[in-house]
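A.B. asks: no sequence for this one, just the structure:
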């Protein structure tokens, strides 16, 4: 190996309240060696997601993150050397490399990626973000033409695609995002029918105006007060796709859940359902076909927010949790 | 008409907090006349349900109850005279007669009942209670053999049938009820595998012991703290059938919902879904066939709690909200 060191971002202490740069440390580690069945990979683009923060709260669909280790996170990486028949040098993979330049990991934990330009789309529209939007909206929300779809964190990586997919389905689409600028972008650039600036408008009232026929599908990325406000505006037999709870990740566990549960769930016969993208692995090919076609036809505009330098990864995540990104945020490592 | 007066229970004031007998008044009204398309019916058995109280809180799947009117409620009634081709004198129907001896109402708002002995089963196992248990468990909860099913208000009209249906399906069944006596009855008489006395045991801890493999289906009749405790014990891909929220009907609207929403819904991919029995009208015949067969085979034991006298209806409802009934509570009017 030419490289002699491996720059790594460690999580030195798990946050109790708000995450800060002090919870991380940049160190020079050794370039690891691949054992039998492993590959050695070089990290190109690290994906930043609200889920990174959720993993620090305890066990979710993956083990909890522990302090003292390399911070966990998915990335696009390139195989440098392989001790597995499944992958060969030069192959591009998606894997939980963690926040570091090099990683050695079992080949079976790597998903081989197609050669596709730009490579970054493999983290945004053709990656977890796009597939999460696709499956959450179509499989859980299942909107029909003419229905009203509301999505929160609408300017984020998942939300911005959810809204565009719902437009393709022929729905009225309302986004909830923080700040006038993001809201204008949703309406003017992405074709949303309306957008609510939750930082400057009372969401309850704004939903009433933006959704005169009520809400049929709510794609929830945030939980908390916004989930509650949407619950009270749901129509009979409405569906809530529970994708995340970003309002509740960066701090102590919330004291209570939203009002109206289970009362409104019963009287309006609402379905609330959680999901993660892996639940739909068997439908992945169809989803990618659809997404590629719609991107090609200009029906989905892909927004990416790329930050340079591994050393900026902690700041990039903290900023994402504060809602500073538009579209899919990632860090270009080299 | 032979009868000259019509004893009625009015709701004189809607409760703000706890419901009491002072909210009702027994009066002598006139026997109404049937208009074209109407039938005049005589009320035999009035159904008492937690839903009666929920209707006082505002619009649900039916209009809110208003003060000064005859208290609303479903009943088994007999047609005395008919101005509709759909029904004839002597027919037995289920209808929202309200709490009174006689009612005139459109024939199309009456569901004709089969002649069946005992007639009271038409309100319990073959009525809303039994069908609610059947559809909520099988259509929303969809338990598989060997899974763990938990039901709250387990000694009530719906809960006692839910548990027996889940046993028929081959599940481990845990009931939550108030008081040792009810809990013993669930296990010894109805065949539940375990029962938790929420008045005398910490539910969280008791669920851990009673559900060593976690909860796959929770049939929720109560909401509030018990829903919260079950949420934290749900398995991956668990289902919560939201049937009612009796813990929240008899008082002010609750300040908050259960913790863990939406966090646990996402990470465990839980489905929470509300329903009411009318949503499954198209599957009613199959349900009644199944229920009759199982009652005939002794696989479902039917428990009824019959109180005599229209004048006792308010007290009977207040007692039901306090959990004093076992099985289906109804009032025999005459």
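C.D. replies: Perfect, I can see it now. Bear in mind the structure is a predicted one, so any value in this text is a computation, not a measurement.
A.B. asks: in the stretch 51-200 of chain A, which residue sits nearest chain B?
C.D. replies: Nearest residue of the stretch 51-200 of chain A to chain B (Cβ to the nearest Cβ) works out as residue A:60 at 4.2 Å. No exception for glycine: its C-beta is placed from N, CA and C like everyone else's.
A.B. asks: just give the nearest non-adjacent residue to that residue, would you?
C.D. replies: Distances taken as Cβ to Cβ, 6 or more residues apart in numbering or on different chains put residue B:267 closest to residue A:60, at 4.2 Å, once the chain neighbours are dropped.
A.B. asks: check contacts around the residue of the stretch 51-200 of chain A closest to chain B.
C.D. replies: Counting by Cβ atoms under 8 Å, 6 or more residues apart in numbering or on different chains, residue A:60 touches A:51, A:54, B:267.
A.B. asks: so is the second one in a helix, a strand, or just coil?
C.D. replies: Going back to what we said before, that points to residue A:54. helix (DSSP: H, G, I helix; E, B strand; the rest coil).
A.B. asks: hang on, it packs against residue A:250?
C.D. replies: No - assessed by Cβ atoms under 8 Å, residue A:54 is found out of contact with residue A:250, at 9.4 Å.
A.B. asks: more crowded one of those two?
C.D. replies: Regarding residue A:54 and residue A:250, a neighbour count based on other Cβ atoms under 10 Å in any protein chain shown identifies residue A:54 as having more, with 23 against 20.
A.B. asks: report how many residues lie close to the nearest residue to the more buried one once chain neighbours are set aside.
C.D. replies: In space, and not counting its chain neighbours, residue A:54 is closest to residue A:249: 4.9 Å by Cβ to Cβ, 6+ apart. If you count neighbours by other Cβ under 10 Å, residue A:249 ends up with 22.
A.B. asks: hang on, isn't residue A:249 packed against residue A:58?
C.D. replies: No - if you go by Cβ under 8 Å, residue A:249 and residue A:58 don't touch, sitting 11.2 Å apart.
A.B. asks: look up phi and psi at residue A:7.
C.D. replies: Dihedral pair for residue A:7: phi -70, psi 130, per degrees, to the nearest 10.
A.B. asks: strands paired with the helix or strand that contains residue A:43, and their directions?
C.D. replies: According to DSSP states H and E, residue A:43 maps onto strand A:38-47. With DSSP bridges as the test, strand A:38-47 is paired with strand A:75-82 (antiparallel), strand A:102-106 (antiparallel), strand A:328-332 (antiparallel).
A.B. asks: hmm, who's touching the longest one?
C.D. replies: Spelled out, that is strand A:75-82. A:1, A:34, A:38-47, A:87-97, A:102-103, A:107, A:110, A:113, A:119-120, A:122-123, A:333.
A.B. asks: mind checking what helix or strand follows it in sequence?
C.D. replies: For strand A:75-82, the succeeding helix or strand toward the C-terminus, using DSSP H and E, is strand A:92-95.
A.B. asks: so which other helices or strands are in contact with that next one?
C.D. replies: Strand A:92-95 is packed against strand A:38-47, strand A:75-82, strand A:111-112, with contacts defined by 3 or more Cβ pairs under 8 Å, 6 or more residues apart in numbering or on different chains; DSSP states H and E.
A.B. asks: what average pLDDT does stretch A:167-186 get?
C.D. replies: Taken as a whole, stretch A:167-186 has an average pLDDT of 98.
A.B. asks: that one: end-to-end distance?
C.D. replies: 12 Å (Cα to Cα, to the nearest Å).
A.B. asks: and it, how far out from the chain's middle?
C.D. replies: Centroid displacement of stretch A:167-186 relative to its chain, using Cα atoms, centre = their mean, to the nearest Å, is 17 Å.
A.B. asks: equivalent analysis for stretch A:255-263, please.
C.D. replies: The answer for stretch A:255-263 is 25 Å, by Cα atoms, centre = their mean.
A.B. asks: go through that stretch and flag the buried ones.
C.D. replies: Buried residues in stretch A:255-263, counted by 16 or more other Cβ atoms under 10 Å in any protein chain shown: A:257-263.
A.B. asks: where does residue A:44 land on pLDDT?
C.D. replies: pLDDT, residue A:44: 98.
A.B. asks: surely it is in contact with residue A:331?
C.D. replies: No - with contacts counted by Cβ under 8 Å, residue A:44 stays clear of residue A:331, the gap being 9.8 Å.
A.B. asks: excluding chain neighbours, what is closest to residue A:208?
C.D. replies: Looking at residue A:208 with Cβ to Cβ, 6+ apart, the closest residue is residue A:233, at 6.8 Å.
A.B. asks: cool, residue A:97 as well?
C.D. replies: Leaving out its chain neighbours, the residue that sits closest to residue A:97 by Cβ to Cβ, 6+ apart is residue A:103, at 4.0 Å.
A.B. asks: again, but for residue A:134
C.D. replies: Closest to residue A:134 by Cβ to Cβ, 6+ apart is residue A:287, at 4.7 Å.
A.B. asks: for residue A:210, phi and psi?
C.D. replies: According to degrees, to the nearest 10, residue A:210 has phi -80, psi -20.
A.B. asks: got the contact list for the closest residue to it other than its chain neighbours?
C.D. replies: Closest residue in space to residue A:210, ignoring its immediate chain neighbours: residue A:194 at 4.1 Å, by Cβ to Cβ, 6+ apart. With contact set as Cβ under 8 Å, 6+ apart, residue A:194 has these partners: A:173-175, A:187, A:210.
A.B. asks: next one: residue A:147
C.D. replies: Per Cβ under 8 Å, 6+ apart, neighbours of residue A:147: A:171-172, A:216-217.
A.B. asks: please report the distance of it from residue A:158.
C.D. replies: Noted for residue A:147: a distance of 19 Å to residue A:158, by Cβ to Cβ, to the nearest Å.
A.B. asks: so how far is stretch A:122-133 from its chain's centroid?
C.D. replies: 8 Å.
A.B. asks: let me see the mean pLDDT of it.
C.D. replies: The average pLDDT within stretch A:122-133 is 97.
A.B. asks: show me chain A divided up by domain.
C.D. replies: Chain A breaks down by automatic domain parsing into domains covering A:6-124+A:303-332, A:128-278.
A.B. asks: ok so, going back, what number of residues lie near the residue nearest to residue A:60?
C.D. replies: 23.
A.B. asks: surely it is in contact with residue A:279?
C.D. replies: No - using Cβ under 8 Å, residue B:267 is not in contact with residue A:279, being 12.0 Å away.
A.B. asks: so residue A:49 is in contact with residue A:153, correct?
C.D. replies: No - counting by Cβ under 8 Å, residue A:49 stays clear of residue A:153, with 11.1 Å between them.
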